[in-house]
Every structure is written in structure tokens, then in C-alpha cells.
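Enquirer: 3D, please:
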Amino acid sequence: MEYLKRSIEDITVEAAKSFKAILVTGARQTGKSTMLSQLFSELPYVTFDDPFLEEQAKENPNMFLALHEPPVILDEIQRVPELFRYLKIECDRREKRGLYYLSGSQPFHLMEHISESLSGRVCIIELAALSLREIQGDSFNKPFLPTTEYILERKKTVRKPENIWKVIHRGSYPELWANPQLNWQQFYAGYVKTYLERDVRELSAVQDLDTFRRFMVAAAARTGQMVNYANLADEVGRDAGTIRRWLSILEASGIIYLLEPYTSAVLKRAIKTPKLYFRDTGLAAYLTRWLTPETLAFGAMAGNIFETFVVSEILKSYSNRGIDYRYCVSYYRGRDKLHRKAKDGGMNLEAEIDLIIEENGVLYPVEIKKNTHEKASATSAFRVLDQIPEKQRGQGAVVSLCPEPGLLRENVLEIPAWYV
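Expert: The predicted structure follows:
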């Protein structure tokens with residue numbers, strides 16, 4: 001199977017020179033162990049998918065590490081949390097860097113053990129599924145910003161996909177792109193089955209996997225929307241508390257991302273509910289039964305799936321540079337600004353900004369539309385950010401299916417999705 005070069009490879013190699021341990025984490029099937037095996041092919045490789053090795057490490061961690069001298073790759077490390085305190089001891093007694101190369105899914109679950117045992121000794125690298133840049137073999141590696149400077153630099157290497165909806169529908173898991181003959185439905189059917197039977201059971205005591213599967217379908221149908229716990233609870237037949245817990249399972253295992261709203265004391269009428277995004281558009285399409293790119297492109301969920309794709313690509317552009325995007329992305333929805341005159345008086349309107357990227361005290365607003373051209377009025381909500389005294393509003397953009405980048409109005413660009 002063909003190996004697809006990953007954008008974060010250089011950061012991983014550099015981190016191994018500075019830290020005693022490297023942890024590559026992310027959702028199942030994003031290529032964590034494949035990348036480590038490719039970058040450090042000379043190192044011995046141990047996977048805890050092997051029940052015998054898993055039992056050895058759990059029963060006698062000290063002896064296990066003695067039998068597997070570093071440097072060594074330890075895959076599926078989340079299966080043996082007992083090993084972490086012994087890894088700490090080994091890291092502390094050795095001076096050399098690049099001792100242990102760890103990989104594992106369930107990133108948030110892993111963080112508990114890392115913070116307790118390997119804090120300051122490990123570099124944590126989040127490996128997302130493939131970005132469009134990686135699929136196309138594009139070496140451009142700058143994080144996305146809706147600025148003229150970014151567009152001019154991006155233009156040097158960018159290539160428009162033959163059919164963007166085929167990319168969105170196919171999804172972003174490496175195996176699907178390394179093996180073009182792989183059946184799409186069979187892959188995702190196996191992915192969901194494995195995820196339910198392994199990750200869900202390990203992360204939480206969910207007994208009724210059929211109901212959890214229905215919950216996944218209901219969540220996928222709401223990608224790109226604000227979370228409505230009561231509505232989800234009614235559809236699935238569970239209480240809101242269970243829905244919150246199950247959403248945390250999806251987030252902990254890298255299936256979804258909950259985009260938090262922008263908070264400021266000035267924005268008193270902002271909605272505080274997070275927005276739900278599936279990390280992989282192929283999985284969202286599979287769960288909601290959009291079985292071809294054509295039906296997806298013209299279906300009722302096209303707008304939400306397109307927004308999900310763009311948000312996911314933007315997040316990948318940051319994580320692939322080792323940047324924790326959780327501290328720099330948000331969205332806004334509320335009634336803080338828009339006030340339209342009506343015949344019987346004024347009327348407050350709800351305004352929304354799909355994504356706000358913050359960098360160095362500057363807020364860059366982004367609207368996401370699947371149209372080939374958008375009106376400037378779609379960005380009127382951007383002005384709400386001018387009310388925040390301690391921040392500056394930077395250039396904004398509409399990311400769409402327009403053929404070429406251009407200026408929509410002063411300080412607002414229109415950018416094709418493949419420029420992300």
C-alpha cells in the first residue's frame with residue numbers, strides 16, 4: 001500500500017531530538033503507527049494490539065521495558081496505562097533524547113496519564129486524517145489565515161481538485177486514498193463496527209451499542225449545527241445527561257470536534273452553545289446515507305457537510321504545524337449587532353460568524369458557503385467584532401466554491417475552498 005507523506009513529519013523528527021518521548025495521538029486509522037514506522041524504520045516496533053504483549057506489559061511493566069530497550073516504538077499505548085509510571089522512571093534515569101515513540105487513539109483519555117506521568121518529558125503530536133494538501137501531495141504548510149498575504153503565497157502551489165465533492169465524500173482516512181480500489185461502504189462499515197466494539201467500550205460502560213450507533217447517526221445529521229442536547233435526547237430516547245456523556249465519548253476518540261463560541265464581556269447577547277463538527281466528512285456522509293458524491297452535493301445536507309469539510313481543513317492546517325487550534329478558533333452567534341429598521345420600529349436580528357481565527361490579538365472572521373459566488377451582505381455580521389475594545393478585526397473572508405480568489409468588499413476576500 002502506498003505511503004502518503006504527512007505534513008507533520010518534520011515536526012515529529014525535530015521533536016525526537018529534543019524530547020525523551022514522543023506521543024503521536026489522534027483518531028483511529030489516521031496513520032499514526034504507519035508514520036512512526038516510516039520515519040523511524042530502523043527502530044523495533046511493538047504493538048499492544050497483540051494480546052500477549054498487552055498482558056506482559058500490564059502484569060510486569062518493569063520487566064517488559066527491560067526486555068524492550070529504547071529507542072523503541074510502542075503502538076496502541078492507551079491499552080496499557082500501567083506502563084506510564086515506568087516510562088517516567090526510564091526517561092528520568094537516561095540522558096538520551098528520542099527514547100520512546102508512542103502512538104495511540106483516544107487522545108483525551110491518554111492525556112490523563114501523560115499529565116500525571118510524563119509531563120515535561122513528552123512531546124504530544126496530534127495526527128489528523130489526511131488534509132486536501134496531503135492528498136494532492138502539496139508541500140505548502142502554512143496555517144490558514146484569510147489574508148491577502150496568505151493567498152499570494154498559497155497561490156504558488158495550489159491545485160483545484162477535479163471534483164471537490166468526490167474528495168469530500170471519499171473522506172480523509174489514509175487507507176481510502178492509498179488504496180483507490182477500496183470499497184467506500186465496506187471501509188466505513190468496518191470502521192464503525194471496530195470503533196463501537198473497541199473504543200466505545202474502552203472509554204465508557206456503554207452496554208447498548210445499537211442505541212449508541214443510532215446516536216452517532218443523529219449526531220452526524222447535525223454536523224455544522226449548534227448542539228441541541230434536548231433534541232438529540234428525544235430522537236435517541238435517552239436523557240440529556242447521557243447525550244452529553246456520549247458526545248464527550250465521540251470527542252475523546254476524535255470522531256467529532258465541538259467548536260466553542262467566542263466569549264467577551266462586550267458580547268452580552270451571544271449564544272453559549274458549542275457547534276458540532278464531524279472530523280471526517282466521509283464518515284458523516286456514510287452515517288447519514290449519502291452514498292455517492294452526486295447525491296451529497298445536491299442533497300439537503302450539502303451546506304453543512306461543505307462547512308464541516310472547510311472547518312476540518314482549517315483545523316488540520318494548524319495541527320499539522322504542531323499548533324493547538326483549540327486556543328485560536330471559535331464562532332459567534334447572537335443579537336449583539338444587527339439592527340434593521342422595520343415599519344413598526346427597530347428589530348434585532350440574529351447574526352452568525354461561522355469561524356473566528358485569533359492570532360496576536362487580531363480576530364479574522366470567516367463565513368463558509370457552498371455557492372460559487374456570495375454577496376457581500378453575507379459578511380455583515382463581521383462588524384460585531386469591532387465592538388471588542390481589546391481586539392482588532394483583521395481581514396475576513398467567505399470560503400466558497402468560487403473559481404478564483406477575489407475581493408468581495410473592503411477588507412473581505414472570497415476564497416476557494418481548495419486554498420485552505
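Enquirer: please count neighbours and contacts with C-alpha atoms only from this point.
Expert: Noted.
Enquirer: strands of the stretch 51-200 of the chain, start to end?
Expert: 72-75, 100-104, 122-126 (DSSP state E, counting those that start in this stretch).
Enquirer: now these in a markdown table, with mean neighbour count?
Expert: Shown next, in a markdown table, are the strands of the stretch 51-200 of the chain (neighbours: other Cα atoms under 10 Å):
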| stretch | mean neighbour count |
| --- | --- |
| strand 72-75 | 22 |
| strand 100-104 | 25 |
| strand 122-126 | 23 |
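Enquirer: which stretches of the stretch 301-420 of the chain form strands?
Expert: Along the stretch 301-420 of the chain, the segments classed as strands by DSSP E, counting those that start in this stretch run 329-334, 339-342, 345-348, 351-359, 362-368, 392-393, 396-400, 406-409, 412-416.
Enquirer: now for the ones you listed, which one comes closest to Gln207?
Expert: Smallest distance to Gln207 across those (Cα to Cα): 34.1 Å, for strand 329-334.
Enquirer: the closest one - contacts with which helices or strands?
Expert: strand 256-259, strand 351-359 (3 or more Cα pairs under 8 Å, 6 or more residues apart in numbering; DSSP states H and E).
Enquirer: how far does the last one sit from its chain's centre?
Expert: Taking the mean C-alpha point of strand 351-359 and that of its whole chain, the gap between them comes to 17 Å (Cα atoms, centre = their mean, to the nearest Å).
Enquirer: could you pull out the helices for the stretch 201-350 of the chain?
Expert: Along the stretch 201-350 of the chain, counting by DSSP state H, counting those that start in this stretch, helices occupy 201-203, 209-220, 229-236, 240-252, 281-287, 293-297, 302-319.
Enquirer: mean pLDDT for those helices: which is lowest?
Expert: Here the lowest mean pLDDT among the helices of the stretch 201-350 of the chain goes to helix 201-203, at a mean of 71.
Enquirer: so which of the strands of the stretch 301-420 of the chain comes closest to Thr47?
Expert: Once those are compared by Cα to Cα, strand 329-334 is nearest, at 34.8 Å.
Enquirer: what angle do the closest one and strand 362-368 make?
Expert: Interaxial angle of strand 329-334 relative to strand 362-368 (axes from the mean of the first three to the mean of the last three Cα atoms, to 10 degrees): 70 degrees.
Enquirer: which positions within strand 329-334 qualify as buried?
Expert: Residues of strand 329-334 classed as buried by neighbour count (16 or more other Cα atoms under 10 Å): Val329, Ser330, Tyr331, Tyr332, Arg333, Gly334.
Enquirer: any idea how far Pro70 is from Arg121?
Expert: 15 Å (Cα to Cα, to the nearest Å).
Enquirer: meant to ask about Thr223
Expert: 37 Å.
Enquirer: who has more neighbours, the two?
Expert: Between Thr223 and Arg121, Thr223 has the larger neighbour count (other Cα atoms under 10 Å), namely 24 against 18.
Enquirer: what sits against that one?
Expert: Lys275, Leu276, Tyr277, Phe278, Ala284, Asn304, Ile305, Thr308 (Cα atoms under 8 Å, 6 or more residues apart in numbering).
Enquirer: again, 7 Å this time
Expert: Leu276, Tyr277, Phe278, Asn304, Thr308 (Cα atoms under 7 Å, 6 or more residues apart in numbering).
Enquirer: ok, for the fourth one, nearest residue in space, not its chain neighbours?
Expert: With sequence-adjacent residues excluded and distances taken as Cα to Cα, 6 or more residues apart in numbering, Asn304 is closest to Gly224, at 5.1 Å.
Enquirer: do the same with the second one
Expert: Once flanking residues are discounted, Tyr277 sits nearest to Thr223: 4.8 Å by Cα to Cα, 6+ apart.
Enquirer: same check, this time on the first one
Expert: Once its chain neighbours are removed from consideration, Leu276 has its nearest residue in Leu258; the separation is 4.8 Å (Cα to Cα, 6+ apart).
Enquirer: mind checking pLDDT for the one you found?
Expert: 96.
Enquirer: same check on the one 5 residues further on?
Expert: pLDDT, the model's per-residue confidence, is 83 for Thr263.
Enquirer: tell me the spacing between it and Glu251.
Expert: From Thr263 to Glu251 the distance is 21 Å (Cα to Cα).
Enquirer: which of these two has more residues huddled nearby?
Expert: With neighbours defined as other Cα under 10 Å, Thr263 and Glu251 compare such that Glu251 has more, 21 against 14.
Enquirer: hang on, that one packs against Arg244?
Expert: No: with contacts counted by Cα atoms under 7 Å, Glu251 stays clear of Arg244, the gap being 10.6 Å.
Enquirer: picking that back up, tabulate the helices and strands packed on strand 329-334 (CSV), appending distance to Pro403 and mean neighbour count.
Expert: Shown next, in CSV, are these (distance: least, Cα to Cα, whole Å; neighbours: other Cα atoms under 10 Å):
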stretch, distance to Pro403, mean neighbour count
strand 256-259, 28, 22
strand 351-359, 21, 20
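Enquirer: tell me how far stretch 12-24 lies from the chain's centre.
Expert: That offset, for stretch 12-24, works out to 22 Å (Cα atoms, centre = their mean).
Enquirer: kindly apply the preceding question to stretch 308-324 instead.
Expert: Counting by Cα atoms, centre = their mean, stretch 308-324 comes out at 6 Å from the chain centroid.
Enquirer: what comes up buried for it?
Expert: 308-323.
Enquirer: now do stretch 7-24
Expert: So stretch 7-24, judged by 16+ other Cα under 10 Å, has buried residues Ser7, Ile8, Glu9, Thr12, Ala15, Ala16, Phe19, Lys20, Ala21, Ile22, Leu23, Val24.
Enquirer: now for those residues, which pair is the farthest apart?
Expert: With Cα to Cα as the measure, no two of those lie farther apart than Ser7 and Lys20, at 22.1 Å.
Enquirer: quick check: closest non-adjacent residue to Tyr318.
Expert: Nearest to Tyr318 is Pro143, by Cα to Cα, 6+ apart, at 5.1 Å.
Enquirer: Arg244 too?
Expert: Arg244 sits nearest to Tyr229 (Cα to Cα, 6+ apart), 7.0 Å away.
Enquirer: wait, isn't the one you found in contact with Ala240?
Expert: Yes: shown here, Tyr229 and Ala240 form a contact pair, counting by Cα under 7 Å, at 5.5 Å.
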